[in-house]
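1. the following comprises the amino acid sequence and a computationally predicted model.
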Amino acid sequence: VQLQASGGGLVQAGGSLRLSCAVSGSGFSLNTMGWFRQGTGNQRTLVAEITVRGSASYADSVRGRFTISRDNVKNMVYLQMDNMRPEDTAVYYCHAYIKVTTDYDRYWGQGTQVTVSS
């Protein structure tokens, strides 16, 4: 099972980006999915998560500007980022709780760089 993130890039303050993350493989079950980010010299912190049923939660710093969604048929999770700020600059990582055998374990995608210029 692998997670592949895409959609990062450079955007001006006030602009928008959409991140995507695809889960590939076979014989697995998905649970909660989400996004973390890690700025230079900082710890990796939670940005947003979404349950299988679509219940979303957000970090205070992004609530009202970012929207997380998922497609349970395509096994994908998205992060729509609007009204972006320079402090949103970070490497963004998608994650998912995935069951392959008996228990759900957290899997990570590779990071995608997001840079917001002022």
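-> Nice, I can see it. Residues are numbered from 1 along each chain as shown.

2. phi and psi next, for the residue lying closest to V52 once chain neighbours are set aside.
-> In space, and not counting its chain neighbours, V52 is closest to N31: 6.0 Å by C-beta to C-beta, 6 or more residues apart in numbering. To be clear about C-beta, it is placed using only N, CA and C from the backbone, and glycine gets the same treatment. When read as degrees, to the nearest 10, the backbone of N31 gives phi -120, psi -130.

3. show me what contacts N31?
-> Going by C-beta atoms under 8 Å, 6 or more residues apart in numbering, N31 touches T51, V52, A96, Y97, I98, K99, Y104.

4. closest one of the residues you listed to V1?
-> Using C-beta to C-beta, I98 is the member of the contacts of N31 that lies nearest V1, at 5.6 Å.

5. wait, that closest one sits on M33?
-> No - the criterion here is C-beta atoms under 8 Å, and I98 misses it with M33 at 9.1 Å.

6. so C21 sits against A5, correct?
-> Yes - the pair C21 and A5 qualifies as a contact (C-beta under 8 Å) at a distance of 4.6 Å.

7. re earlier: out of I98 and M33, which sits in the more crowded spot?
-> With neighbours defined as other C-beta atoms under 10 Å, I98 and M33 compare such that M33 has more, 27 against 20.

8. how far off centre is the host helix or strand of the more buried one?
-> Assigned by DSSP states H and E, M33 belongs to strand 29-38. Distance of strand 29-38 from the chain centroid (C-alpha atoms, centre = their mean, to the nearest Å) equals 6 Å.

9. ok, then the element right after it?
-> Moving toward the C-terminus from strand 29-38, the next helix or strand (DSSP H and E) is strand 45-50.

10. ok, that following strand: who's next to it in the sheet?
-> Strand 45-50 sits in its sheet next to strand 29-38 (antiparallel), strand 56-58 (antiparallel), going by DSSP bridges.

11. how about those, which one is nearest M81?
-> strand 29-38 (9.5 Å).

12. centroid-nearest residue for this protein?
-> W35 (2.7 Å; C-alpha atoms, centre = their mean).

13. pLDDT wise, what is it at?
-> W35 carries a pLDDT value of 98.
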